[in-house]
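J.: After the sequence you'll find the predicted model.
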Amino acid sequence: MAESQEREFKEAEKQANRPYTGWEVHSVNNAFRNYNKHLDNLPYTREELEKASLTTQNLEKDASTRYGATDVESKNNRRRMALEEKERYRKRQEGKEANVSRFVNHPEVNYINSKNMYYNRTLEKYYGAYTNDLKLSLERGTSIQK
């Protein structure tokens, strides 16, 4: 009984930690998970939270008389938010660069299917040094003919 519960718990944990793909990216669960992840990154202290709640309560009491007159967020909070956005932007750019390099920096295609690709890779590994001169002369069109 305990083993099956532990197995179910591990499976649920795996499911929760797996990355979303395809249309799941736009789901409500993914948005909530991202929201929680960003909340974990906020370095709030208890004093800051109490101060923010008091400020919000005071604003709610006399909101009609002080419309636009106060700045709720402190400069530190705005700076923190800006740094978080810069970090998100940097991570997105890294992902884009990785995707682009996957297509731009691909090696020369000398295979017809995946099995042939691995075979050619193995041949190149063991015999590449010996066949390099022959390959170059074939490319130039000056291969040795007997």
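T.: Everything's here; your move. Residues are numbered from 1 along each chain as shown.
J.: any idea which helix is longest in this protein?
T.: helix 75-104 (DSSP state H).
J.: How far away from the center of its chain is the helix or strand that that one is followed by?
T.: Moving toward the C-terminus from helix 75-104, the first helix or strand encountered (DSSP states H and E) is helix 114-140. Put simply, helix 114-140 sits 36 Å off its chain's centre (C-alpha atoms, centre = their mean, to the nearest Å).
J.: One more: stretch 76-95?
T.: Centre to centre, stretch against its chain (C-alpha atoms, centre = their mean), the figure for stretch 76-95 is 13 Å.
J.: List the buried residues in that stretch.
T.: Neighbour counts over stretch 76-95 (16 or more other C-beta atoms under 10 Å) mark R80 as buried. (C-beta placed from N, C-alpha, C; glycine too.)
J.: same deal with stretch 42-54?
T.: So, applying 16+ other C-beta under 10 Å, stretch 42-54 has no buried residues.
J.: Averaged pLDDT, that stretch. What do you get?
T.: Averaging pLDDT along stretch 42-54 gives 72.
J.: what does stretch 134-141 give?
T.: On average, stretch 134-141 scores 82.
J.: what are the C-alpha coordinates of it, in CSV please?
T.: In CSV, the C-alpha atoms belonging to stretch 134-141 read as follows (Å, rounded to 0.1, in the frame of the first residue of the first chain):
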residue,chain,number,x,y,z
LEU,A,134,41.7,11.8,-51.5
LYS,A,135,38.6,13.8,-50.6
LEU,A,136,40.3,17.1,-51.3
SER,A,137,41.6,15.9,-54.7
LEU,A,138,38.2,14.6,-55.6
GLU,A,139,36.7,18.0,-54.8
ARG,A,140,39.3,19.7,-57.0
GLY,A,141,38.7,17.2,-59.8
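J.: Alright, that wraps it up for me.
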